[in-house]
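Undergrad: sequence-free structure coming up:
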Ligand SMILES: NC(=O)C[C@H]([NH3+])C(=O)NS(=O)(=O)OC[C@H]1O[C@@H](n2cnc3c(N)ncnc32)[C@H](O)[C@@H]1O
Ligand SMILES: [Mg+2]
(Lines give C-alpha, C1' and ligand atoms only; values in the text may rest on other atoms or scores of the structure.)
(Ligands and ions follow the chains in the order given, each with its own letter.)
Protein backbone atom coordinates (compact mmCIF):
# COMPACT_ATOMS: atom_id res chain seq x y z
CA UNK A 1 0.00 0.00 0.00
CA UNK A 2 1.29 3.48 -0.78
CA UNK A 3 2.70 5.56 2.06
CA UNK A 4 -0.05 8.11 2.93
CA UNK A 5 -1.59 10.12 5.73
CA UNK A 6 -5.36 10.00 6.13
CA UNK A 7 -7.16 13.33 5.67
CA UNK A 8 -8.67 13.23 9.17
CA UNK A 9 -5.24 12.65 10.70
CA UNK A 10 -3.81 15.97 9.48
CA UNK A 11 -3.94 18.16 12.62
CA UNK A 12 -2.91 21.74 13.46
CA UNK A 13 -0.05 20.41 15.60
CA UNK A 14 1.47 19.09 12.31
CA UNK A 15 1.94 22.65 10.96
CA UNK A 16 5.05 22.82 8.76
CA UNK A 17 5.22 19.07 8.24
CA UNK A 18 5.24 17.57 4.75
CA UNK A 19 2.43 15.08 4.09
CA UNK A 20 1.38 12.74 1.29
CA UNK A 21 -2.34 12.23 0.76
CA UNK A 22 -4.22 9.85 -1.52
CA UNK A 23 -7.89 10.11 -2.32
CA UNK A 24 -10.49 11.59 -4.61
CA UNK A 25 -11.28 15.17 -5.64
CA UNK A 26 -14.40 15.96 -3.60
CA UNK A 27 -14.76 19.66 -4.30
CA UNK A 28 -12.74 22.11 -6.43
CA UNK A 29 -12.81 25.86 -6.88
CA UNK A 30 -10.56 28.53 -8.31
CA UNK A 31 -10.23 31.82 -6.48
CA UNK A 32 -7.98 34.37 -8.16
CA UNK A 33 -4.64 32.66 -8.77
CA UNK A 34 -5.37 29.80 -6.37
CA UNK A 35 -6.90 26.37 -6.96
CA UNK A 36 -8.57 24.83 -3.89
CA UNK A 37 -9.12 21.09 -4.01
CA UNK A 38 -11.01 19.46 -1.12
CA UNK A 39 -9.62 15.94 -1.07
CA UNK A 40 -11.74 13.03 0.22
CA UNK A 41 -10.63 9.66 1.57
CA UNK A 42 -12.30 7.08 3.84
CA UNK A 43 -11.47 9.15 6.95
CA UNK A 44 -12.93 12.46 5.79
CA UNK A 45 -11.79 15.56 3.90
CA UNK A 46 -9.03 18.14 3.85
CA UNK A 47 -8.48 21.31 1.89
CA UNK A 48 -5.44 21.53 -0.38
CA UNK A 49 -4.36 24.69 -2.16
CA UNK A 50 -2.28 25.11 -5.31
CA UNK A 51 -0.57 28.30 -6.50
CA UNK A 52 1.60 29.00 -9.51
CA UNK A 53 4.23 30.57 -7.20
CA UNK A 54 4.57 27.41 -5.12
CA UNK A 55 4.68 25.01 -8.07
CA UNK A 56 3.53 25.87 -11.58
CA UNK A 57 3.29 22.26 -12.81
CA UNK A 58 1.14 21.18 -9.87
CA UNK A 59 -1.01 24.32 -10.23
CA UNK A 60 -1.60 23.59 -13.93
CA UNK A 61 -2.56 19.95 -13.24
CA UNK A 62 -4.82 20.97 -10.36
CA UNK A 63 -6.67 23.35 -12.70
CA UNK A 64 -7.39 20.44 -15.08
CA UNK A 65 -8.43 17.70 -12.67
CA UNK A 66 -12.14 16.76 -12.51
CA UNK A 67 -14.47 15.95 -9.58
CA UNK A 68 -13.94 12.41 -8.16
CA UNK A 69 -10.61 12.00 -9.98
CA UNK A 70 -8.22 9.80 -8.03
CA UNK A 71 -5.09 11.69 -7.04
CA UNK A 72 -2.05 11.69 -4.79
CA UNK A 73 -1.19 15.12 -3.37
CA UNK A 74 1.90 16.20 -1.44
CA UNK A 75 2.55 19.45 0.38
CA UNK A 76 3.05 21.26 3.67
CA UNK A 77 0.52 21.50 6.50
CA UNK A 78 -0.67 25.01 7.39
CA UNK A 79 -3.17 26.04 10.03
CA UNK A 80 -6.03 28.01 8.49
CA UNK A 81 -9.27 28.56 10.46
CA UNK A 82 -11.09 29.22 7.17
CA UNK A 83 -10.41 25.66 5.93
CA UNK A 84 -13.22 23.07 6.55
CA UNK A 85 -11.07 21.21 9.10
CA UNK A 86 -8.99 24.16 10.36
CA UNK A 87 -5.93 23.02 8.48
CA UNK A 88 -4.96 22.90 4.84
CA UNK A 89 -2.10 21.49 2.77
CA UNK A 90 -0.13 23.90 0.61
CA UNK A 91 0.39 21.48 -2.27
CA UNK A 92 3.47 21.44 -4.47
CA UNK A 93 2.82 18.06 -6.14
CA UNK A 94 -0.21 16.24 -7.57
CA UNK A 95 -0.17 12.87 -9.31
CA UNK A 96 -3.40 12.23 -11.23
CA UNK A 97 -4.09 8.50 -10.98
CA UNK A 98 -7.22 8.71 -13.11
CA UNK A 99 -8.81 11.95 -14.24
CA UNK A 100 -12.62 12.08 -14.37
CA UNK A 101 -13.93 14.41 -17.06
CA UNK A 102 -17.53 14.28 -15.80
CA UNK A 103 -18.81 12.49 -12.69
CA UNK A 104 -22.48 11.58 -13.42
CA UNK A 105 -23.79 12.22 -9.91
CA UNK A 106 -24.72 15.88 -9.50
CA UNK A 107 -26.38 17.74 -6.60
CA UNK A 108 -29.85 17.45 -8.17
CA UNK A 109 -29.63 13.69 -8.85
CA UNK A 110 -32.93 11.86 -8.18
CA UNK A 111 -33.15 8.98 -5.70
CA UNK A 112 -33.85 6.53 -8.52
CA UNK A 113 -30.80 7.76 -10.44
CA UNK A 114 -28.63 7.42 -7.34
CA UNK A 115 -29.81 3.81 -7.07
CA UNK A 116 -29.22 3.22 -10.79
CA UNK A 117 -25.61 4.31 -10.27
CA UNK A 118 -25.32 2.99 -6.70
CA UNK A 119 -21.82 1.69 -7.56
CA UNK A 120 -20.77 5.33 -8.02
CA UNK A 121 -22.98 6.64 -5.20
CA UNK A 122 -20.70 4.71 -2.84
CA UNK A 123 -18.15 7.50 -3.37
CA UNK A 124 -20.41 9.67 -1.19
CA UNK A 125 -19.12 10.48 2.32
CA UNK A 126 -22.76 10.34 3.51
CA UNK A 127 -23.10 6.77 2.23
CA UNK A 128 -19.74 5.95 3.79
CA UNK A 129 -21.03 7.28 7.12
CA UNK A 130 -24.04 4.94 6.94
CA UNK A 131 -21.80 1.96 6.21
CA UNK A 132 -19.43 2.92 9.05
CA UNK A 133 -22.35 3.00 11.50
CA UNK A 134 -23.63 -0.35 10.17
CA UNK A 135 -20.16 -1.88 10.52
CA UNK A 136 -19.80 -0.51 14.07
CA UNK A 137 -23.20 -1.88 15.10
CA UNK A 138 -22.03 -5.33 13.98
CA UNK A 139 -18.62 -4.82 15.61
CA UNK A 140 -20.45 -4.10 18.86
CA UNK A 141 -22.72 -7.11 18.40
CA UNK A 142 -19.68 -9.36 17.94
CA UNK A 143 -18.06 -7.88 21.06
CA UNK A 144 -21.16 -8.54 23.16
CA UNK A 145 -21.78 -12.01 21.76
CA UNK A 146 -18.19 -13.07 22.41
CA UNK A 147 -18.15 -11.84 26.00
CA UNK A 148 -21.56 -13.40 26.69
CA UNK A 149 -20.47 -16.84 25.44
CA UNK A 150 -22.31 -17.17 22.12
CA UNK A 151 -20.86 -19.28 19.29
CA UNK A 152 -21.00 -17.97 15.73
CA UNK A 153 -22.21 -20.61 13.27
CA UNK A 154 -22.60 -20.53 9.47
CA UNK A 155 -25.96 -21.94 8.35
CA UNK A 156 -26.93 -22.83 4.79
CA UNK A 157 -28.60 -20.32 2.47
CA UNK A 158 -29.83 -22.97 0.00
CA UNK A 159 -32.74 -24.65 1.78
CA UNK A 160 -35.82 -26.77 1.15
CA UNK A 161 -38.40 -25.28 3.51
CA UNK A 162 -40.14 -22.07 4.47
CA UNK A 163 -39.69 -20.59 7.92
CA UNK A 164 -41.82 -17.47 7.62
CA UNK A 165 -44.52 -18.60 5.26
CA UNK A 166 -44.43 -19.88 1.70
CA UNK A 167 -45.62 -16.64 0.11
CA UNK A 168 -42.26 -14.88 0.44
CA UNK A 169 -39.99 -17.71 -0.77
CA UNK A 170 -37.59 -17.24 -3.67
CA UNK A 171 -37.65 -20.59 -5.46
CA UNK A 172 -34.69 -21.84 -7.51
CA UNK A 173 -33.82 -24.93 -9.50
CA UNK A 174 -31.37 -27.07 -7.56
CA UNK A 175 -30.13 -29.67 -10.04
CA UNK A 176 -33.14 -31.96 -10.42
CA UNK A 177 -35.18 -30.53 -7.52
CA UNK A 178 -36.63 -27.33 -6.12
CA UNK A 179 -34.88 -25.29 -3.46
CA UNK A 180 -35.29 -21.86 -1.89
CA UNK A 181 -33.18 -18.96 -0.72
CA UNK A 182 -33.22 -18.86 3.08
CA UNK A 183 -35.80 -16.61 4.75
CA UNK A 184 -34.14 -17.15 8.14
CA UNK A 185 -31.37 -19.32 9.56
CA UNK A 186 -33.53 -20.13 12.59
CA UNK A 187 -34.31 -23.79 11.98
CA UNK A 188 -30.62 -24.58 11.47
CA UNK A 189 -29.65 -22.61 14.56
CA UNK A 190 -32.16 -24.71 16.49
CA UNK A 191 -30.20 -27.80 15.41
CA UNK A 192 -26.90 -26.20 16.42
CA UNK A 193 -27.95 -25.62 20.05
CA UNK A 194 -27.71 -29.35 20.82
CA UNK A 195 -23.94 -29.08 20.64
CA UNK A 196 -23.27 -25.40 21.29
CA UNK A 197 -26.32 -24.29 23.37
CA UNK A 198 -25.96 -20.55 22.53
CA UNK A 199 -25.43 -19.79 18.84
CA UNK A 200 -25.70 -16.85 16.50
CA UNK A 201 -25.33 -16.15 12.79
CA UNK A 202 -25.32 -13.17 10.46
CA UNK A 203 -26.69 -14.23 7.09
CA UNK A 204 -28.50 -12.73 4.15
CA UNK A 205 -32.20 -13.52 4.35
CA UNK A 206 -34.46 -13.40 1.32
CA UNK A 207 -38.12 -12.41 1.25
CA UNK A 208 -40.12 -12.21 -1.96
CA UNK A 209 -42.09 -9.41 -0.35
CA UNK A 210 -44.29 -7.59 -2.79
CA UNK A 211 -44.97 -4.92 -0.18
CA UNK A 212 -43.19 -1.76 -1.25
CA UNK A 213 -42.78 -0.17 2.15
CA UNK A 214 -39.92 1.87 3.57
CA UNK A 215 -38.92 -1.04 5.76
CA UNK A 216 -38.87 -4.03 3.41
CA UNK A 217 -36.03 -5.35 1.26
CA UNK A 218 -36.05 -8.60 -0.68
CA UNK A 219 -32.53 -9.31 0.60
CA UNK A 220 -31.40 -8.15 4.01
CA UNK A 221 -28.82 -8.97 6.68
CA UNK A 222 -30.26 -10.98 9.47
CA UNK A 223 -28.62 -11.30 12.89
CA UNK A 224 -30.13 -14.34 14.58
CA UNK A 225 -29.59 -15.95 17.98
CA UNK A 226 -30.84 -19.26 19.37
CA UNK A 227 -30.38 -20.61 22.89
CA UNK A 228 -31.15 -23.88 24.63
CA UNK A 229 -32.88 -23.77 28.07
CA UNK A 230 -34.14 -20.20 27.53
CA UNK A 231 -37.81 -19.24 27.55
CA UNK A 232 -39.38 -16.16 25.99
CA UNK A 233 -38.62 -13.91 28.96
CA UNK A 234 -34.98 -15.03 29.00
CA UNK A 235 -34.49 -14.32 25.31
CA UNK A 236 -36.14 -10.90 25.63
CA UNK A 237 -33.51 -10.03 28.22
CA UNK A 238 -30.80 -11.14 25.80
CA UNK A 239 -32.34 -8.98 23.08
CA UNK A 240 -32.46 -5.81 25.17
CA UNK A 241 -28.93 -6.29 26.49
CA UNK A 242 -27.54 -6.95 23.01
CA UNK A 243 -29.38 -4.06 21.32
CA UNK A 244 -28.47 -1.70 24.18
CA UNK A 245 -24.82 -2.59 23.89
CA UNK A 246 -24.89 -2.21 20.10
CA UNK A 247 -26.51 1.23 20.29
CA UNK A 248 -24.43 2.61 23.20
CA UNK A 249 -21.16 1.32 21.74
CA UNK A 250 -22.00 2.80 18.34
CA UNK A 251 -22.93 6.12 19.98
CA UNK A 252 -19.49 6.00 21.64
CA UNK A 253 -17.54 5.17 18.47
CA UNK A 254 -19.62 6.83 15.74
CA UNK A 255 -21.27 9.83 17.42
CA UNK A 256 -19.89 12.22 14.76
CA UNK A 257 -21.41 10.18 11.95
CA UNK A 258 -24.73 9.73 13.77
CA UNK A 259 -25.03 13.45 14.45
CA UNK A 260 -24.87 14.08 10.71
CA UNK A 261 -28.19 12.18 10.43
CA UNK A 262 -30.13 13.03 13.57
CA UNK A 263 -30.17 15.96 16.00
CA UNK A 264 -32.00 14.30 18.87
CA UNK A 265 -29.93 11.48 20.35
CA UNK A 266 -32.32 10.98 23.28
CA UNK A 267 -34.02 7.78 22.02
CA UNK A 268 -30.57 6.27 21.44
CA UNK A 269 -29.32 7.36 24.86
CA UNK A 270 -32.53 5.90 26.37
CA UNK A 271 -31.71 2.51 24.84
CA UNK A 272 -30.74 0.82 28.08
CA UNK A 273 -32.31 -2.29 29.70
CA UNK A 274 -34.95 -2.96 30.79
CA UNK A 275 -37.08 -1.99 27.81
CA UNK A 276 -40.81 -1.39 28.32
CA UNK A 277 -42.95 -4.49 27.74
CA UNK A 278 -46.59 -4.42 26.67
CA UNK A 279 -48.83 -7.32 25.72
CA UNK A 280 -50.49 -7.60 22.33
CA UNK A 281 -53.81 -7.03 24.15
CA UNK A 282 -52.49 -3.77 25.64
CA UNK A 283 -51.16 -2.74 22.22
CA UNK A 284 -54.60 -3.23 20.67
CA UNK A 285 -56.18 -1.19 23.48
CA UNK A 286 -53.68 1.65 22.95
CA UNK A 287 -54.32 1.68 19.20
CA UNK A 288 -58.09 1.58 19.57
CA UNK A 289 -57.95 4.42 22.13
CA UNK A 290 -55.92 6.41 19.61
CA UNK A 291 -58.63 5.89 17.00
CA UNK A 292 -56.90 3.19 14.94
CA UNK A 293 -59.37 0.78 13.39
CA UNK A 294 -57.99 -2.59 14.54
CA UNK A 295 -59.63 -5.59 16.19
CA UNK A 296 -58.14 -8.17 18.51
CA UNK A 297 -56.64 -10.95 16.35
CA UNK A 298 -55.50 -8.68 13.53
CA UNK A 299 -51.81 -8.23 12.80
CA UNK A 300 -50.19 -4.85 13.28
CA UNK A 301 -48.60 -3.52 10.11
CA UNK A 302 -46.18 -0.64 9.65
CA UNK A 303 -48.92 1.98 10.02
CA UNK A 304 -50.28 0.56 13.27
CA UNK A 305 -46.78 0.10 14.67
CA UNK A 306 -45.94 3.68 13.75
CA UNK A 307 -48.84 4.91 15.88
CA UNK A 308 -47.91 2.58 18.73
CA UNK A 309 -44.31 3.83 18.80
CA UNK A 310 -45.60 7.34 19.54
CA UNK A 311 -46.15 6.08 23.11
CA UNK A 312 -42.48 5.27 23.67
CA UNK A 313 -39.14 7.09 23.69
CA UNK A 314 -36.98 3.94 23.45
CA UNK A 315 -37.25 0.42 21.98
CA UNK A 316 -40.01 -1.67 23.56
CA UNK A 317 -41.47 -5.16 23.38
CA UNK A 318 -44.90 -6.34 22.34
CA UNK A 319 -45.47 -9.91 23.50
CA UNK A 320 -48.21 -12.56 23.46
CA UNK A 321 -49.49 -12.38 19.89
CA UNK A 322 -52.48 -14.40 18.65
CA UNK A 323 -51.39 -17.81 17.37
CA UNK A 324 -53.09 -17.54 13.98
CA UNK A 325 -51.04 -14.52 12.89
CA UNK A 326 -47.70 -16.01 13.88
CA UNK A 327 -45.38 -18.75 12.55
CA UNK A 328 -45.87 -22.51 12.95
CA UNK A 329 -42.81 -23.04 15.15
CA UNK A 330 -43.91 -20.76 17.98
CA UNK A 331 -44.84 -22.37 21.31
CA UNK A 332 -48.47 -22.04 22.38
CA UNK A 333 -49.06 -20.05 25.58
CA UNK A 334 -50.23 -22.69 28.11
CA UNK A 335 -52.15 -19.95 29.94
CA UNK A 336 -54.03 -18.87 26.81
CA UNK A 337 -54.01 -21.32 23.84
CA UNK A 338 -55.20 -18.48 21.56
CA UNK A 339 -51.72 -16.98 21.92
CA UNK A 340 -48.09 -17.90 21.32
CA UNK A 341 -44.94 -17.10 23.31
CA UNK A 342 -43.71 -14.55 20.79
CA UNK A 343 -42.36 -11.04 21.19
CA UNK A 344 -41.40 -8.37 18.72
CA UNK A 345 -39.06 -5.52 19.57
CA UNK A 346 -40.22 -2.20 18.11
CA UNK A 347 -38.01 0.83 17.61
CA UNK A 348 -39.47 4.24 18.52
CA UNK A 349 -39.87 7.28 16.25
CA UNK A 350 -42.17 5.42 13.91
CA UNK A 351 -39.73 2.71 12.88
CA UNK A 352 -41.55 -0.27 14.41
CA UNK A 353 -40.42 -3.88 14.26
CA UNK A 354 -36.68 -4.46 14.33
CA UNK A 355 -36.73 -7.91 16.01
CA UNK A 356 -39.02 -10.92 15.73
CA UNK A 357 -38.53 -13.60 18.37
CA UNK A 358 -40.24 -16.43 20.20
CA UNK A 359 -40.01 -19.51 22.31
CA UNK A 360 -40.14 -22.54 20.02
CA UNK A 361 -42.49 -25.50 20.22
CA UNK A 362 -40.27 -28.25 21.67
CA UNK A 363 -42.91 -31.01 21.72
CA UNK A 364 -42.92 -33.33 18.68
CA UNK A 365 -46.67 -33.96 18.48
CA UNK A 366 -47.59 -30.33 18.98
CA UNK A 367 -45.13 -29.15 16.35
CA UNK A 368 -46.33 -31.77 13.85
CA UNK A 369 -49.89 -30.64 14.53
CA UNK A 370 -48.97 -27.01 13.85
CA UNK A 371 -47.21 -27.97 10.60
CA UNK A 372 -50.31 -29.84 9.44
CA UNK A 373 -52.62 -27.00 10.58
CA UNK A 374 -50.59 -24.60 8.45
CA UNK A 375 -50.99 -26.88 5.43
CA UNK A 376 -47.24 -27.50 5.22
CA UNK A 377 -45.71 -30.80 4.04
CA UNK A 378 -44.21 -32.57 7.09
CA UNK A 379 -41.80 -34.39 4.74
CA UNK A 380 -39.94 -31.11 4.23
CA UNK A 381 -39.57 -30.78 7.99
CA UNK A 382 -38.66 -34.33 8.99
CA UNK A 383 -35.16 -33.24 10.08
CA UNK A 384 -36.65 -30.28 11.99
CA UNK A 385 -39.17 -32.55 13.72
CA UNK A 386 -36.31 -34.93 14.64
CA UNK A 387 -34.95 -32.14 16.85
CA UNK A 388 -38.01 -32.85 19.06
CA UNK A 389 -37.26 -36.59 19.20
CA UNK A 390 -33.66 -36.69 20.33
CA UNK A 391 -33.15 -34.78 23.57
CA UNK A 392 -35.54 -31.90 22.93
CA UNK A 393 -35.16 -28.90 25.24
CA UNK A 394 -37.01 -25.65 25.87
CA UNK A 395 -35.38 -23.08 23.59
CA UNK A 396 -35.93 -19.61 22.20
CA UNK A 397 -34.41 -17.25 19.69
CA UNK A 398 -34.86 -14.16 17.58
CA UNK A 399 -33.91 -12.38 14.40
CA UNK A 400 -32.82 -8.74 14.14
CA UNK A 401 -32.99 -6.98 10.80
CA UNK A 402 -29.67 -5.13 10.65
CA UNK A 403 -30.81 -2.61 8.06
CA UNK A 404 -33.93 -1.85 10.11
CA UNK A 405 -31.74 -1.10 13.12
CA UNK A 406 -29.47 1.13 11.01
CA UNK A 407 -32.50 2.92 9.55
CA UNK A 408 -33.76 3.76 13.04
CA UNK A 409 -30.36 4.72 14.50
CA UNK A 410 -29.75 7.14 11.60
CA UNK A 411 -33.42 8.06 11.05
CA UNK A 412 -33.21 7.11 7.38
CA UNK A 413 -36.38 7.67 5.37
CA UNK A 414 -36.07 4.26 3.70
CA UNK A 415 -34.31 1.02 4.59
CA UNK A 416 -32.75 0.85 1.10
CA UNK A 417 -30.18 3.50 2.13
CA UNK A 418 -28.97 1.15 4.87
CA UNK A 419 -27.61 -1.47 2.49
CA UNK A 420 -24.73 -1.38 0.02
CA UNK A 421 -26.77 -2.51 -3.00
CA UNK A 422 -30.51 -2.52 -2.18
CA UNK A 423 -32.66 -5.34 -3.45
CA UNK A 424 -36.38 -4.55 -3.79
CA UNK A 425 -39.18 -5.94 -6.00
CA UNK A 426 -38.22 -3.43 -8.69
CA UNK A 427 -34.45 -3.41 -8.25
CA UNK A 428 -31.76 -6.06 -8.57
CA UNK A 429 -29.22 -4.00 -10.56
CA UNK A 430 -26.44 -2.91 -10.03
N1 LIG B 1 -34.46 -16.40 14.27
C2 LIG B 1 -35.71 -15.92 14.35
O3 LIG B 1 -36.48 -16.14 15.28
C4 LIG B 1 -36.17 -15.03 13.21
C5 LIG B 1 -37.49 -15.46 12.64
N6 LIG B 1 -37.42 -16.77 11.97
C7 LIG B 1 -37.88 -14.43 11.60
O8 LIG B 1 -37.41 -14.48 10.47
N9 LIG B 1 -38.73 -13.46 12.07
S10 LIG B 1 -39.20 -12.22 11.18
O11 LIG B 1 -39.81 -12.69 9.95
O12 LIG B 1 -39.97 -11.34 12.03
O13 LIG B 1 -37.86 -11.47 10.74
C14 LIG B 1 -36.96 -11.08 11.76
C15 LIG B 1 -36.56 -9.64 11.53
O16 LIG B 1 -36.01 -9.52 10.22
C17 LIG B 1 -36.32 -8.21 9.72
N18 LIG B 1 -37.03 -8.36 8.45
C19 LIG B 1 -38.02 -9.22 8.17
N20 LIG B 1 -38.43 -9.10 6.89
C21 LIG B 1 -37.65 -8.09 6.37
C22 LIG B 1 -37.58 -7.49 5.09
N23 LIG B 1 -38.37 -7.88 4.07
N24 LIG B 1 -36.68 -6.51 4.89
C25 LIG B 1 -35.87 -6.10 5.92
N26 LIG B 1 -35.88 -6.63 7.17
C27 LIG B 1 -36.77 -7.62 7.36
C28 LIG B 1 -37.16 -7.51 10.76
O29 LIG B 1 -36.32 -6.72 11.56
C30 LIG B 1 -37.71 -8.67 11.55
O31 LIG B 1 -38.04 -8.34 12.88
MG1 LIG C 1 -41.68 -10.34 12.25
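TA: Happy to help now that I have it. All values reported here derive from a predicted model rather than from experimental measurement. Ligands and ions are numbered 1, 2, ... in the order given.

Undergrad: nearest residue to residue 77 other than its sequence neighbours?
TA: Closest residue to residue 77 apart from its sequence neighbours, by C-beta to C-beta, 6 or more residues apart in numbering: residue 14 at 4.5 Å. Where C-beta positions appear, they are placed from N, C-alpha and C, glycine not excepted.

Undergrad: Ok, residue 180 next?
TA: Residue 180's closest residue in space is residue 169 (C-beta to C-beta, 6+ apart), at 4.6 Å.

Undergrad: Around ligand 1, pick out the residues from the stretch 251-400 of the chain.
TA: Contacts of the stretch 251-400 of the chain with ligand 1, taken as C-beta under 6 Å from any ligand atom, map to 353, 354, 355, 356, 357, 397, 398, 399, 400.

Undergrad: Let's see which of these end up in strands.
TA: Those of these mapping onto strands are 353, 354, 355, 356, 357, 397, 398, 399, 400, per DSSP state E.

Undergrad: hey, which helix is longest across this structure?
TA: Identified as the longest helix of the chain according to DSSP state H is helix 232-259.

Undergrad: which strands and helices sit next to the very next helix or strand once past it?
TA: Using DSSP states H and E, the next helix or strand after helix 232-259 towards the C-terminus is helix 266-269. Helix 266-269 is packed against helix 232-259, with contacts defined by 3 or more C-beta pairs under 8 Å, 6 or more residues apart in numbering; DSSP states H and E.

Undergrad: in the helix it packs on, what counts as buried?
TA: Applying a neighbour-count criterion of 16 or more other C-beta atoms under 10 Å, one finds 232, 235-236, 238-247, 249-251, 253-254, 257-258 buried in helix 232-259.

Undergrad: Please report how far the spatially most distant residue from the centre of the chain lies from residue 197.
TA: Here the centre of the chain is the reference, and by C-alpha atoms, centre = their mean the most remote residue is residue 53, at 49.3 Å. Using C-beta to C-beta, to the nearest Å, residue 53 is found at 71 Å from residue 197.

Undergrad: Can you classify residue 58 as helix, strand or coil?
TA: Three-state assignment for residue 58 (DSSP: H, G, I helix; E, B strand; the rest coil): helix.

Undergrad: how many neighbours does it have?
TA: Residue 58 has 22 neighbours, counted by other C-beta atoms under 10 Å.

Undergrad: Excluding covalently adjacent residues, which one is nearest to it?
TA: residue 94 (5.0 Å).

Undergrad: now check stretch 406-413, is it near ligand 1?
TA: No. Counting by C-beta under 6 Å from any ligand atom, ligand 1 has no neighbours in stretch 406-413; the shortest distance is 9.1 Å.

Undergrad: distance between the ends of that stretch?
TA: One end of stretch 406-413 to the other measures 11 Å (C-alpha to C-alpha, to the nearest Å).

Undergrad: which other residues reach that stretch?
TA: Stretch 406-413 has contacts (C-beta atoms under 8 Å, 6 or more residues apart in numbering) with 130, 133-134, 137, 214-215, 247, 250, 258, 261-262, 268, 347-349, 351, 354, 414-415, 417-418.

Undergrad: Check which residues of that stretch are buried.
TA: For stretch 406-413, a neighbour-count test (16+ other C-beta under 10 Å) marks 406, 407, 408, 409, 410, 411, 412 as buried.

Undergrad: In contact with the residue nearest to residue 180: list those residues for me.
TA: Residue 169 neighbours (C-beta under 8 Å, 6+ apart): 162, 180, 181, 183, 208.

Undergrad: Using PyMOL, define a selection of the buried residues within those.
TA: Selection of the buried residues among the contacts of residue 169 in PyMOL, burial being defined by 16+ other C-beta under 10 Å:
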select buried, resi 162+180+181+183
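
Undergrad: surely residue 2 meets residue 72?
TA: Yes. Using C-beta atoms under 8 Å, residue 2 is in contact with residue 72, at 7.1 Å.

Undergrad: who has more neighbours, those two?
TA: residue 72 (17 against 8).

Undergrad: Skipping adjacent residues, who's closest to the more buried one in space?
TA: Nearest non-adjacent residue to residue 72 (C-beta to C-beta, 6+ apart): residue 95, at 4.2 Å.

Undergrad: Pull the contacting residues for that neighbour.
TA: 71, 72, 73.

Undergrad: Return the member of those nearest to ligand 1.
TA: residue 71 (38.4 Å; C-beta to the nearest ligand atom).

Undergrad: what's the following helix or strand after the one helix or strand the closest one maps to?
TA: Secondary structure assignment for residue 71, by DSSP H and E: strand 70-79. Once the chain leaves strand 70-79, the next helix or strand it forms, by DSSP H and E, is strand 87-98.

Undergrad: For that next one, which strands pair with it and how are they oriented?
TA: Strand pairing for strand 87-98, determined by DSSP bridges: strand 44-51 (parallel), strand 70-79 (antiparallel).

Undergrad: So which bits of it are buried?
TA: So strand 87-98, judged by 16+ other C-beta under 10 Å, has buried residues 87, 88, 89, 91, 92, 93, 94, 96.

Undergrad: can you check stretch 419-426 too?
TA: Neighbour-count burial for stretch 419-426 flags 419, 422, 423, 424 (criterion: 16+ other C-beta under 10 Å).

Undergrad: what separates stretch 349-369 from the chain centre, distance-wise?
TA: Between the centre of stretch 349-369 and the centre of its chain there are 21 Å (C-alpha atoms, centre = their mean, to the nearest Å).

Undergrad: For that stretch, measure first residue to last.
TA: 39 Å.

Undergrad: Give me the contact list for the helix or strand hosting residue 36.
TA: Using DSSP H and E, residue 36 falls within strand 34-41. Applying C-beta under 8 Å, 6+ apart, the external contacts of strand 34-41 come out as 4, 6-7, 21-30, 45-51, 59, 62-63, 65, 71, 73, 84, 91, 94, 123, 125.

Undergrad: Check those for burial and list the buried ones.
TA: Of the contacts of strand 34-41, these count as buried by 16+ other C-beta under 10 Å: 4, 7, 21-26, 28, 45-51, 59, 62, 65, 71, 73, 91, 94, 123, 125.

Undergrad: now the helices for this protein?
TA: Ranges of helices in the chain, per DSSP H, are 56-64, 111-116, 118-121, 125-147, 186-196, 232-259, 266-269, 280-289, 302-309, 364-373, 382-386, 402-409.

Undergrad: which other helices and strands contact the third one?
TA: It stands for helix 118-121. Here helix 118-121 touches no other helix or strand, going by 3+ C-beta pairs under 8 Å, 6+ apart.

Undergrad: now that helix: how far from the chain's centre is it?
TA: The answer for helix 118-121 is 18 Å, by C-alpha atoms, centre = their mean.
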